[in-house]
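*Asks:* pasting the sequence and the predicted coordinates here, then a few questions.
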Amino acid sequence: MPAERRLATSVLIVGAGPVGLTLALDLAWRGVDSVVIEERGADVPATPRANHVSARAMETYRRLGIAADIRRVGLPDDYPTDVVWATSMTGYELTRIRLPARRDAGGPGYADSGWPTPEPQHKINQMYLEPILRRYAEANPRVRVLYSTRFDGVRQDAGRVVGQATDLDTGEVLRTEAAYLVGCDGGASGIRKAIGATFSGDPAITRVVSLHISAPDLVKRLNGTPAHRYFVVGEQMGSTVTLDGRELWSLHVMLPEADSDPRDLDRDRAVRALTGLDGDLSYRILSEDAWTGRRLLADRFRDGRVFICGDAAHIWVPNAGYGMNAGIADAENLAWRLAAVLRGWGGPSLLDGYERERHPITDQVSRFAKDLAVKNRAADFRRPPAELTRPGPAGDALRRRVGEALYALNRPQFTPTGLNFAYFYDASPNIAYDGEDAPAYGLGDYQASTVPGCRTPHFFGRDGASLYDRLGAGFTLLRLDPSLDAAPLLEAAKATGMPLAVLDLDRAEAGAAYRHDFVLSRPDRHVAWRGDALPERPQDLVGLVSGQTLAERIIHVA
């Protein structure tokens with residue numbers, strides 16, 4: 001019989017990818033311990049996957065105190081993060097979205113300049129991001145990461161989650177016990193299956209073979225200013241992305257149809273077609289991965305004390321790293337709720353709010369991603385006319401028309417202000433709505449608003465300080481008229497243990513989005529309530545936003 005040992009923790013997390021590690025770090029920041037179980041060995045490197053950390057995710061990492069370390073890693077400091085469409089990497093350039101090198105992030109003159117955030121988006125491959133998150137998790141006394149450990153099963157019993165895992169190195173059986181369990185275990189999630197959640201959607205949109213190569217001379221042979229990513233419209237459809245700005249690249253080869261067999265791909269021909277360096281490129285394939293672009297969404301994200309986040313809950317075409325970043329947003333949304341309940345001030349409906357809020361948003365994002373993939377595979381781009389690669393006026397005119405169409409279609413994908421800042425929660429049991437609709441938005445459209453459910457509008461003060469750096473781990477009552485008395489709400493929060501601080505804002509600094517004298521900002525920087533006077537019964541508002549009030553209520557304040 002194999003040896004056995006018992007393992008108890010507050011939150012058991014299955015999966016030590018970016019989503020699981022972010023969840024563990026966020027819980028630790030809020031004073032909650034967790035154990036993270038990961039089937040991969042500690043010495044197994046992360047694979048090249050997502051290439052982008054969104055501004056919203058970077059804001060989360062800023063709050064956790066690790067954004068600066070993440071920003072120092074990735075491409076060289078002076079390497080542009082432009083996105084280019086071309087007939088090949090060394091062929092005709094059709095259009096270019098100008099994005100900054102790391103040293104210029106947040107500066108003027110780029111497609112993502114002027115974003116309302118203290119942390120602009122950052123280009124870093126997951127293979128570099130994940131080790132940073134691992135290092136911080138392993139150094140945190142509230143987090144324990146168990147590698148080479150397979151999670152075998154789970155059941156819920158008497159207010160706890162009981163599970164079993166196996167140490168793959170020793171064969172030892174682990175009997176686990178936790179207050180809550182979160183599956184961050186990817187698209188093949190065993191936790192999703194264990195809670196009976198099922199995927200539905202579009203099972204096959206694109207079929208791709210990703211080749212991860214070393215090509216030391218490729219950067220030097222690119223035409224003009226190098227780019228972070230190239231989308232190739234030509235003989236071989238696909239895209240390429242530099243991992244280190246020096247010699248490592250991922251080449252994503254688009255197969256003709258979603259049911260194409262990857263074994264039929266001539267890999268050498270594909271590499272030379274994408275790069276445009278037919279017989280004159282020295283390269284080495286380091287690894288490869290065949291995958292299918294899908295749009296799948298689980299029908300539910302929770303069963304009792306068990307939750308799912310990230311790819312375990314939703315999978316879609318990996319445009320601009322949306323999937324990983326949506327998973328990080330899942331983790332942030334769930335972390336403060338679990339911490340609130342475990343620390344005694346969060347009520348039952350707070351946990352209901354996770355699925356009620358994140359399910360509609362991830363469904364919406366999945367449709368954005370699918371729509372982009374379908375439009376970019378339109379016939380004009382998938383099988384471009386021969387004139388596209390021919391010199392002369394006719395070719396120039398065609399390249400200009402195609403480039404303009406590609407720029408208009410794809411700029412929102414790579415400057416997604418709407419996706420970062422504009423999404424709102426419109427059917428939450430933990431938000432006090434007031435009847436005003438949130439501003440409509442698209443992938444690249446954002447209008448700051450304090451409508452309950454929207455992101456708390458960010459601004460920099462005259463001293464250059466970020467509003468978000470002044471918000472704590474709990475709720476913050478933003479007061480724009482310091483003469484108003486906030487004591488009744490503070491007392492109601494104190495009576496239940498809900499953390500609440502008051503922050504006085506200068507109305508001129510805050511800007512036009514702040515039209516009310518009070519705005520209540522949640523721990524995840526979404527607006528929970530607003531008004532020009534406190535409710536007559538502030539305890540009702542506290543009960544609603546903290547989940548202690550079981551019945552859903554809408555609090556209207558004139």
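*Replies:* That came in fine, so what should we check first?
*Asks:* for Thr47, which non-adjacent residue is closest in space?
*Replies:* In this structure, Thr47 finds its nearest non-sequential neighbour in Met127, 6.4 Å apart by C-beta to C-beta, 6 or more residues apart in numbering. C-beta: built from backbone N, CA, C; applies to glycine.
*Asks:* which element is the one you found on?
*Replies:* Using DSSP states H and E, Met127 sits in helix 126-139.
*Asks:* elements contacting that helix?
*Replies:* Applying 3 or more C-beta pairs under 8 Å, 6 or more residues apart in numbering; DSSP states H and E, one finds that helix 126-139 makes contact with helix 18-29, helix 67-71, strand 143-146.
*Asks:* switch the cut-off to 10 Å
*Replies:* On a contact count with 3 or more C-beta pairs under 10 Å, 6 or more residues apart in numbering; DSSP states H and E, helix 126-139 meets helix 18-29, strand 34-37, helix 55-63, helix 67-71, strand 143-146.
*Asks:* what about Phe307, neighbour count?
*Replies:* Applying other C-beta atoms under 10 Å, we find 29 residues neighbouring Phe307.
*Asks:* what of Gly17?
*Replies:* Gly17: 26 neighbours (other C-beta under 10 Å).
*Asks:* tell me the confidence at Val306?
*Replies:* For Val306, the model assigns a pLDDT of 98.
*Asks:* one step back: buried residues, the helix holding Met127. List them.
*Replies:* 126-130, 132-134, 136-137 (16 or more other C-beta atoms under 10 Å).
*Asks:* what's the angle from that helix to helix 18-29?
*Replies:* Computed by axes from the mean of the first three to the mean of the last three C-alpha atoms, to 10 degrees, the angle separating helix 126-139 from helix 18-29 equals 30 degrees.
*Asks:* so how far is helix 126-139 from its chain's centroid?
*Replies:* Here helix 126-139 is found 16 Å from its chain centre; the criterion is C-alpha atoms, centre = their mean, to the nearest Å.
*Asks:* equivalent analysis for stretch 427-434, please.
*Replies:* Put simply, stretch 427-434 sits 23 Å off its chain's centre (C-alpha atoms, centre = their mean).
*Asks:* for stretch 394-406, same thing?
*Replies:* Here the centre of stretch 394-406 is set off from its chain's centre by 33 Å, with C-alpha atoms, centre = their mean.
*Asks:* then stretch 500-517?
*Replies:* Offset of stretch 500-517 from its chain centre (C-alpha atoms, centre = their mean): 28 Å.
*Asks:* average pLDDT for it, rounded please.
*Replies:* Throughout stretch 500-517, pLDDT has a mean value of 97.
*Asks:* select the helix or strand of this protein having the lowest average pLDDT value.
*Replies:* None of the helices or strands of the chain scores lower by mean pLDDT, DSSP states H and E than helix 379-382, at a mean of 49.
*Asks:* next secondary structure after that one?
*Replies:* Per DSSP H and E, the first helix or strand lying C-terminal to helix 379-382 is helix 393-414.
*Asks:* quick check: buried residues in that following helix?
*Replies:* 395, 398-399, 402-403, 405-407, 409-414.
*Asks:* same check on stretch 240-259?
*Replies:* Applying 16+ other C-beta under 10 Å to stretch 240-259 flags 240-245, 247-255, 258 as buried.
*Asks:* now the host helix or strand of Leu503: buried residues?
*Replies:* Assigned by DSSP H and E, Leu503 belongs to strand 500-504. With burial defined by 16+ other C-beta under 10 Å, the residues of strand 500-504 counted as buried are 500-501.
*Asks:* who's in contact with that strand?
*Replies:* Here strand 500-504 makes contact (C-beta atoms under 10 Å, 6 or more residues apart in numbering) with 345, 467, 470-482, 484, 486-487, 489-494, 518-521, 542, 545-546.
*Asks:* show me what contacts the residue most central in space within the chain?
*Replies:* Nearest to the mean C-alpha position of the chain, by C-alpha atoms, centre = their mean, lies Asn325 at 1.0 Å. Residues in contact with Asn325, defined by C-beta under 10 Å, 6+ apart, are 18-19, 50, 52-58, 60, 121, 310, 365, 416, 419-420.
*Asks:* sorry, back to before: name the helices or strands packed onto the helix or strand just after the strand holding Leu503?
*Replies:* For strand 500-504, the succeeding helix or strand toward the C-terminus, using DSSP H and E, is helix 507-510. Counting by 3+ C-beta pairs under 10 Å, 6+ apart, no packing neighbours are recorded for helix 507-510 among the helices and strands.
*Asks:* flag every buried residue along helix 507-510.
*Replies:* Buried positions in helix 507-510, judged by neighbour count with 16+ other C-beta under 10 Å: Ala510.
*Asks:* name every strand pairing with the helix or strand following it and say which way it goes.
*Replies:* Counting by DSSP H and E, the next helix or strand C-terminal to helix 507-510 is strand 518-521. Next to strand 518-521 in the sheet, as set by DSSP bridges, lie strand 475-479 (antiparallel), strand 527-531 (antiparallel).
*Asks:* alpha carbons of strand 518-521, as PDB, please.
*Replies:* Extracted in PDB, the C-alpha atoms of strand 518-521 (Å, rounded to 0.1, in the frame of the first residue of the first chain):
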ATOM      1  CA  PHE A 518     -20.400  59.200  -3.200                       C
ATOM      2  CA  VAL A 519     -19.100  56.300  -5.300                       C
ATOM      3  CA  LEU A 520     -18.500  52.900  -3.500                       C
ATOM      4  CA  SER A 521     -15.600  51.000  -5.100                       C
END
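*Asks:* skip the chain neighbours and tell me the closest residue to Thr549.
*Replies:* Gly543 (3.6 Å).
*Asks:* I'd guess the one you found is in a helix, am I close?
*Replies:* Yes - applying DSSP: H, G, I helix; E, B strand; the rest coil, one finds Gly543 inside a helix.
*Asks:* wait, it touches Trp529, no?
*Replies:* No - between Gly543 and Trp529 there is no contact under C-beta atoms under 10 Å: 11.9 Å.
*Asks:* give me the more crowded residue out of these two.
*Replies:* Between Gly543 and Trp529, counted using other C-beta under 10 Å, Trp529 has the larger neighbour count: 27 against 20.
*Asks:* kindly state the beta-bridge partners for that one.
*Replies:* Assessed by DSSP bridges, Trp529 has beta-bridge partners Leu520.
*Asks:* if anything else comes up later, I'll come back, but that's it for now.
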